[in-house]
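Engineer: what follows is a predicted protein model with its sequence.
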Amino acid sequence: MKIAKILIQGIVQGVGFRPTVYRIANALNLKGYVRNLGNIVEIILFENEEKTKKFIDTLNIKKPPISKINSINLQWVENHEYPYPKNSNFQILESSSNFSGASVIPPDLAICDNCLKEINTQNNRRYKYPFTACTDCGPRFTVIEDVPYDRDKTTMDDFPLCDECMEEYCNPLDRRYHAEASCCDTCGPKVNLFDSNHTIYSKNPVKKTAQLLNKGSIIAIKGIGGTHLVAKVTEDKVIPTLRKRLGRPSQPFAVMASDLDAVKNFAELSSKESKSLLSKERPIVVLKKSKNYDFPESLAPQLHNIGVMLPYSPLHHILFDYSDEDAYIMTSANIPGEPMMIKNKEIFSSLQGIADYYLLHNRKIYNRCDDSVIRYRNEELSFIRRSRGYTPEPYDLNKLKLVDENLNLLTLGPELDVTFTLAKNGLAYTSQHIGNTNKFKTYQFLQEAIKNMMNITKTDYFDIIACDMHPQFFTTRLANEMGEKFNCDVVPVQHHHAHGAVLAIDNSLDELIFIAADGVGYGDDGTAWGGEVMYTNINSYERLGSLMPQKMPGGDISTKYPVRMLASILSGENRNSPHYNDDELKKLLKEKYINYFQHGELEIDSLLKQLKSNLNVTKTSSTGRILDSIAVALGICGERTYEGECAMKLESFAYGATGDLTIPYEIKKVDKHLVLDTSLILKNIVEKIANGENKKEIAAGGQVAISEGLAEIAIEAANKKGIDVIGATGGVFYNEAITLAVKNYIEKEGFKFVQHVNSCAGDGSVSLGQAAIVSSKIK
């Protein structure tokens, strides 16, 4: 007699999958068992084909809501291989680690309605307990150490279950059956409030935290995947204090609001934005400030929008229950450029002088995971950071027939806003947000995160490792070190090619023309690209046009002080473009922009000499540098203190413009290469400012000129290649006005316009694009 052996891969551990299988099997009077097998689920049925088929059909319909089935493999095997269980009923057996499949545990999820009801019900034993969870919610990725996903392989192993919790945990009909994060106040983690001397401060720490926040204290609160700095948003003095202590003079702070009604008091909300705020992933959603917005300007200075999230952990809900405030500042507790802090000792030592108090718990965070950030532009979802709530759910490259399933790949992304991607069995597991890897602690975090991802995907070798083409990135160095360790090839991938590839796979396309607009990406000619029109068939790419390359005096210092780029663009160094002569430019800079130079006239004279000598001068076609130059020309932003600051403030300054003012632009052919003359655009902008025209309209017109110029080049490229799809990628396309201008221009000419769907337009998905390219080359 043959029996059914069913192997199920996907998000099938930590989601109540085995209890669901148990209930379905018993309802159908089936015999057999289910167990976790490595990182997949194995089901054995001692039944015939008809009953087995009915079981599989029912499972597909009634699977747990947060599970995801990627594949069901049914085999008919000999009975003697699987002895008939002594108990004739269907059983749930102990897990086994003797298999490595293509499954992974789910992301961390917001508290479910059932658990929320429990913490709000006074006679419930979990009333106001901040670590309440079940199979439908709570931490997963942040607590797992190894697979199978059982309690002894998570950081919850430090908290043995009490009798009542154990009864729930062992009951297949209970929603906490094998809910590995399940616990209560008797047996689970504890939270305590400390002052700067590490003294425990209160018997009701969350209530006391709310009281201290309402008095203006800044408190470090350790959460699910990291630590936040929390402060009262309506207190004028708190925000400048927090900025000074953190060294973040202008970077906008996100807020957590108590509920949707609270959000409506200060931000505009569409139905899509509301749905995202309430989703089980609970990302930060960037919303437009409403007419009723009355938070201090210093919260998100010179911006028309603000990052907002709703409570996603029991602790957050309990905090608001004890407070009269509708919202709090909730920003990552990290030194700029470094990862979020997760260890209590580090939180105390690193946040001395920054936080007044510390609300900390004693559950270890094994995988740190930042909040995800999204934005809707013209009703289209855009991921700015894809992390908590989404990681480590994989992308399926098998659907695109891109990959050899037998190969293991690791791709390490660029240097800033880094993620890595591990591809195995045709699935691409993109990591949580890592950050700026030229900071040592973040570089260490990258290596730790790779090790942890290898562990939970049961990966012990790599066939190929890919990295950015830039030879000096720390990720490039790490790729070469790991290539030696695993004795495998290391493949460099051009930055914007990776952007285009992930855009293609996100839209299930084999080829497309795309505009890549961002701050910087190392070009194959050794210069800094960032305003490109390119073709890709995923495997390869061709550069077909760009913004006009401009001199960048002093390299990165011109990104911090954009007036240096403005001077370069307006100088006569691009002789084919309209420009100011030396005397005119020197006069303009000294009369209008001298306050933006750190060293006044001396720096202006030195800069102009530097442009002529080409000493320490690089070239760039970056869109980011042009937008920064427009911002400083208009007096909007003269120093970048956080990534994208000047361009973001330019977008906000232009928001609400009528669009009546046009900035002329011109496309030229240089060495068979179409370029948009950005010197002409900047010269026109400076002249319109001098003529006293409306600055808001000038800002809007400048954005449109760049957008339509790039779109026109893209259309020419598409016609040349015979392609009817044009896409947009790169961090510039988080700008709603630029995205809409490009979209309208392209669609008006009869082309299909595509954007990112489930990936980041910025560098957060570059590693996924690298994986697609390397997979395609191998295939």
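Structural biologist: Yes, it's here.
Engineer: switch to C-alpha atoms for all contacts and neighbour counts from now on
Structural biologist: Noted.
Engineer: sec struct for N744, please.
Structural biologist: helix (DSSP: H, G, I helix; E, B strand; the rest coil).
Engineer: state the distance from it to A711.
Structural biologist: 9 Å (Cα to Cα, to the nearest Å).
Engineer: which stretches of the stretch 651-779 of the chain form strands?
Structural biologist: 667-670, 673-676, 725-729, 752-754 (DSSP state E, counting those that start in this stretch).
Engineer: please apply the same query to the stretch 101-250 of the chain.
Structural biologist: Under DSSP E, counting those that start in this stretch, the stretch 101-250 of the chain gives strands at 191-194, 219-222, 227-232.
Engineer: out of those, deepest packed?
Structural biologist: Most buried of those, by mean neighbour count (mean count of other Cα atoms under 10 Å): strand 219-222, with a mean of 26.
Engineer: what strand or helix carries L287?
Structural biologist: In this structure, L287 sits in strand 284-288 according to DSSP states H and E.
Engineer: contacting residues around K721?
Structural biologist: Listed by Cα atoms under 8 Å, 6 or more residues apart in numbering, K721 has no contact partners.
Engineer: ok, now the one 3 residues further on?
Structural biologist: With contact taken as Cα under 8 Å, 6+ apart, D724 is in contact with 512, 718, 751-752.
Engineer: sort out which residues of the longest helix seen in the chain are buried, please.
Structural biologist: Counting by DSSP state H, the longest helix found in the chain is helix 695-721. Neighbour-count burial for helix 695-721, counted by 16 or more other Cα atoms under 10 Å, picks out 695-715, 717-718.
Engineer: do the same with stretch 626-637
Structural biologist: 626-634, 636-637.
Engineer: now tabulate the residues you listed in CSV and tack on secondary structure.
Structural biologist: Listed next are the buried residues of stretch 626-637 as CSV, based on three-state DSSP:
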residue, secondary structure
I626, helix
L627, helix
D628, helix
S629, helix
I630, helix
A631, helix
V632, helix
A633, helix
L634, coil
I636, coil
C637, coil
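Engineer: pLDDT and distance to D174 added to those, as CSV?
Structural biologist: Shown next, in CSV, are the buried residues of stretch 626-637 (pLDDT from 0 to 100; distance: Cα to Cα, whole Å):
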residue, pLDDT, distance to D174
I626, 98, 59
L627, 98, 57
D628, 98, 57
S629, 98, 61
I630, 98, 61
A631, 98, 59
V632, 98, 61
A633, 98, 64
L634, 98, 63
I636, 98, 58
C637, 97, 57
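Engineer: which stretches of the protein have low pLDDT?
Structural biologist: 80, 82-87, 98-103, 400-404, 572-578, 779 (pLDDT under 70).
Engineer: change it to 50
Structural biologist: Applying pLDDT under 50 to the chain flags no residue at all.
Engineer: so what pairs up with the residue nearest in space to the middle of the chain in the strands?
Structural biologist: Geometric centre of the chain, nearest residue: R385, 1.7 Å, by Cα atoms, centre = their mean. With DSSP bridges applied, R385 shows beta-bridge pairing to V373.
Engineer: for it, give me its contacts.
Structural biologist: 371-374, 433, 760, 764.
Engineer: let me have those residues in JSON lines, extended by neighbour count and distance to M469.
Structural biologist: Below are these laid out as JSON lines (neighbours: other Cα atoms under 10 Å; distance: Cα to Cα, whole Å):
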{"residue": "D371", "neighbour count": "21", "distance to M469": "29"}
{"residue": "S372", "neighbour count": "22", "distance to M469": "27"}
{"residue": "V373", "neighbour count": "21", "distance to M469": "27"}
{"residue": "I374", "neighbour count": "23", "distance to M469": "28"}
{"residue": "H433", "neighbour count": "24", "distance to M469": "21"}
{"residue": "C760", "neighbour count": "27", "distance to M469": "20"}
{"residue": "G764", "neighbour count": "30", "distance to M469": "16"}
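Engineer: circling back: list buried residues within the contacts of D724.
Structural biologist: Judged by 16+ other Cα under 10 Å, buried ones among those: 512, 718, 751.
Engineer: wait, what's in contact with the second one?
Structural biologist: The one in question is A718. Counting by Cα under 8 Å, 6+ apart, the residues that A718 touches are 513, 724-726.
Engineer: please apply the same query to A333.
Structural biologist: Here A333 is in contact with 220, 226-229, 340-341 (Cα under 8 Å, 6+ apart).
Engineer: returning to that earlier point: for G526, see how far away the residue nearest to the centre of the chain is.
Structural biologist: 28 Å.
Engineer: closest one to K31 out of the contacts of D724, please.
Structural biologist: L512 (52.3 Å; Cα to Cα).
Engineer: OK, contacts around the closest one?
Structural biologist: 504, 535-537, 723-727.
Engineer: for R35, what are phi and psi?
Structural biologist: When read as degrees, to the nearest 10, the backbone of R35 gives phi -160, psi 160.
Engineer: actually C488, sorry about that
Structural biologist: Torsion angles, degrees, to the nearest 10, at C488: phi -130, psi 170.
Engineer: my read: it touches F462, true?
Structural biologist: Yes: between C488 and F462 there is a contact under Cα atoms under 8 Å: 6.9 Å.
Engineer: who's more crowded, the two?
Structural biologist: For C488 and F462, the more surrounded residue by other Cα atoms under 10 Å is F462, and the numbers stand at 21 against 16.
Engineer: distance of the more buried one relative to Y593?
Structural biologist: From F462 to Y593 the distance is 53 Å (Cα to Cα).
Engineer: tell me the buried residues in whichever helix or strand T52 is part of?
Structural biologist: Using DSSP H and E, T52 maps to helix 49-62. Neighbour counts using 16+ other Cα under 10 Å place 51-52, 55-56, 59 of helix 49-62 among the buried residues.
Engineer: cool, stretch 342-354 as well?
Structural biologist: 342-344, 347-348, 351, 354.
Engineer: surely Q9 forms part of a helix?
Structural biologist: No: judged by three-state DSSP, Q9 forms no part of a helix; its state is strand.
Engineer: quick check, it in contact with I40.
Structural biologist: Yes: counting by Cα under 8 Å, I40 is a contact partner of Q9 at 5.2 Å.
Engineer: more neighbours: the two, which one.
Structural biologist: Neighbours per residue (other Cα under 10 Å) separate Q9 from I40, with I40 holding more: 26 against 21.
Engineer: just to check, that one is in contact with Q13?
Structural biologist: Yes: assessed by Cα under 8 Å, I40 is found in contact with Q13 at 7.2 Å.
Engineer: anything in contact with each of those two?
Structural biologist: 104, 148.
Engineer: burial check on H198, number of neighbours?
Structural biologist: Neighbours of H198 (other Cα under 10 Å): 11.
Engineer: list the contacts for it?
Structural biologist: F348.
Engineer: any of the contacts of L512 buried? List them.
Structural biologist: 504, 535-537, 723, 725-727.
Engineer: need the contacts of D724 in JSON lines with distance to T199, can you?
Structural biologist: Formatted as JSON lines, those follow (distance: Cα to Cα, whole Å):
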{"residue": "L512", "distance to T199": "60"}
{"residue": "A718", "distance to T199": "66"}
{"residue": "F751", "distance to T199": "65"}
{"residue": "K752", "distance to T199": "62"}
